[in-house]
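**Student:** let me see the structure of the following:
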Amino acid sequence: MSTTVKTTTCYMCACRCGIRVHLKDGAIRYIDGNPDHPLNKGVICAKGASGIMKQESPARLTQPLKRREGAERGAGDFEPISWEEAFSILEKRLAHIRQTDPKKFAFFTGRDQMQALTGLFARQFGTPNYAAHGGFCSVNMAAGMIYTIGGSFWEFGGPDLERSRLFVMLGTAEDHHSNPLKIAISDFKRRGGRFISINPVRTGYSAIADEWVPIRPGTDGALLLALVSELIEQGMYDREFVARYTNGGQLFINDPASPESALFATAADANAGPPGYPQNQLWCDRLSNMPVLTHTPEADPALFGHFQLNDGTPVTPAFQLLSDRVRPYTPEWAEGITGVPAATIRRLAQEMGVTARDEKIELPIAWTDCWGKEHKTVTGNPVSFHAMRGLAAHSNGFQTVRTLAVLMSLLGTIDRPGGFRHKAPFPRAIPPLAKTPTGPEGCSRASRWRDSPSVGRLHRRTSSSTPTASRYASTRPSRGSTRCRCTASCTP
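**Tutor:** Numbers count the residues shown, from 1 in each chain. Okay, the predicted model is just below:
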């Protein structure tokens, strides 16, 4: 008997670990990790080792099955048929649906390579009703974070545990990012890092955490809102990061009676630039009390306050709107929902804020940001997070994930050493750009940028305005549109 070893990639989850498949006379005998693979370095989990059952399981389907004539739906009474008969049945049924109403066809596939073909086939057929594995897993994680900071955990980015000092994991099962994350956590703990796991049960990763914080399933959003509220209340956010790398200082129209409420206030004569990266949005410079284009050299945006433009339009920085929105979400409020004691929530917020503020990392790497400002070093706030399906797979998953992205932004950890690091080609524009218009009807809002009054100095309002939902704390300016409100130079 001859024995051979083949190297390949494991497809039992999305980690894509390197494996060695051992064969005897052409049949698979067992699977182990490939020590030469850069991702898992020979480590393999139980799921990966059981990949042999994808080929050898007696329950594996090897031919089409058809419900037996006269059998009731759900009875599990099937009979095998040939591939020719299966294709014939599908052809007739699908042809009828496509000729009558293609939208009645719902199409679902599993993970891996099939996902690339799912949308292609469905769009060619004419149905919008298609999905793949991600829709039942962590699509809220990807969509919520990409919409808020331009990238997400998983294939899009992850925690920099090599430089982090505090690592917080939420809603992550052991099969998510399994082997690479296990290796990284092991090294992280050996270097003295502190690991906090927030999860309903203490299994898997939570079992080796320095602190386990039990929480009611599906309530992570309430906990995150309370952490955000506490950080702002105590002033323990990274003001410099929020001001320069989020839309926290950008002015929003804050007039509930106006159809433009919650849209960006923009400058009249400034070039708007590309739609995914507008250049005509405004700050209130707290040094001159003047409206200026965002990232004007030497300007420092006000993050709090309610202001009024010369034409009477009320405007408010996005950070003030965020502060107003989360003020009711106190640790006591969250305790009743999550089961996490208010004192624990305050302690967690304090630990995150102090670690980010007092244990900064400075790397001697010169760089130039996208506004042309040169920096001699790269600064990092060493607080990192990881979260997956436990947050995403709920009806509130999208907004829960966005709240986590806001928390990470407040701590100044996005795209910085010791925090969250994007993987190419991310980050993307925020929010993701709509598809290119195919005709004039797709550009009908262009007229809203014409014939608008110019205004000058900002006036602080004495009465507060009703907070409205807005795009909070993203690492790139969000896309927005409203009538022009200010001169190009933003001077009186």
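
**Student:** excluding chain neighbours, what is closest to residue 391?
**Tutor:** The shortest distance from residue 391 to any non-neighbouring residue, by C-beta to C-beta, 6 or more residues apart in numbering, is to residue 171 (4.2 Å). All C-beta atoms are positioned from the backbone trio N, CA, C, and that covers glycine.

**Student:** hmm, I was thinking of residue 156
**Tutor:** residue 426 (4.8 Å).

**Student:** what do you get for residue 117?
**Tutor:** residue 109 (7.5 Å).

**Student:** number of nearby residues for the one you found?
**Tutor:** Residue 109 is flanked by 18 other residues according to other C-beta atoms under 10 Å.

**Student:** I'd guessed it sits against residue 132; true?
**Tutor:** Yes - contact criterion C-beta atoms under 8 Å: residue 109 and residue 132 qualify, at 5.1 Å.

**Student:** what pLDDT does the residue nearest to residue 117 get?
**Tutor:** We have a pLDDT of 81 for residue 109.

**Student:** which residues touch it?
**Tutor:** 115, 117-118, 132-133 (C-beta atoms under 8 Å, 6 or more residues apart in numbering).

**Student:** got the phi/psi numbers for residue 369?
**Tutor:** phi -80, psi 180 (degrees, to the nearest 10).

**Student:** so the closest residue to it other than its chain neighbours bridges to which residues?
**Tutor:** Counting by C-beta to C-beta, 6+ apart, residue 369 lies nearest to residue 375, which is 6.7 Å off, once chain neighbours are set aside. Residue 375 has the following beta-bridge partners by DSSP bridges: residue 367.

**Student:** where do the strands sit along the stretch 351-492 of the chain?
**Tutor:** Listed in chain order, the strands of the stretch 351-492 of the chain (DSSP state E, counting those that start in this stretch) span 361-363, 367-368, 374-375, 378-380, 383-387, 420-422, 459-460, 484-486.

**Student:** for the third one, packing partners?
**Tutor:** Think strand 374-375. strand 367-368 (3 or more C-beta pairs under 8 Å, 6 or more residues apart in numbering; DSSP states H and E).

**Student:** residues contacting the strand it packs on, please?
**Tutor:** So strand 367-368 is contacted by 374-375, 378 (C-beta under 8 Å, 6+ apart).

**Student:** dump those to JSON lines, plus pLDDT, distance to residue 244 and neighbour count.
**Tutor:** As requested, the contacts of strand 367-368 are exported to JSON lines (pLDDT from 0 to 100; distance: C-beta to C-beta, whole Å; neighbours: other C-beta atoms under 10 Å):
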{"residue": "374", "pLDDT": "94", "distance to residue 244": "14", "neighbour count": "8"}
{"residue": "375", "pLDDT": "95", "distance to residue 244": "11", "neighbour count": "11"}
{"residue": "378", "pLDDT": "96", "distance to residue 244": "14", "neighbour count": "15"}
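
**Student:** about what we covered before: and of the strands of the stretch 351-492 of the chain, who's closest to residue 144?
**Tutor:** strand 383-387 (10.2 Å; C-beta to C-beta).

**Student:** buried sites along that closest one?
**Tutor:** 383-387 (16 or more other C-beta atoms under 10 Å).

**Student:** same question, stretch 251-271
**Tutor:** Going by 16+ other C-beta under 10 Å, stretch 251-271 has these buried residues: 251-255, 260-268, 270.

**Student:** closest to residue 220 out of those?
**Tutor:** Distances from residue 220 to these, taken by C-beta to C-beta, are shortest for residue 262, at 25.9 Å.

**Student:** so how far is residue 222 from the closest one?
**Tutor:** Residue 262 sits 24 Å away from residue 222, going by C-beta to C-beta, to the nearest Å.
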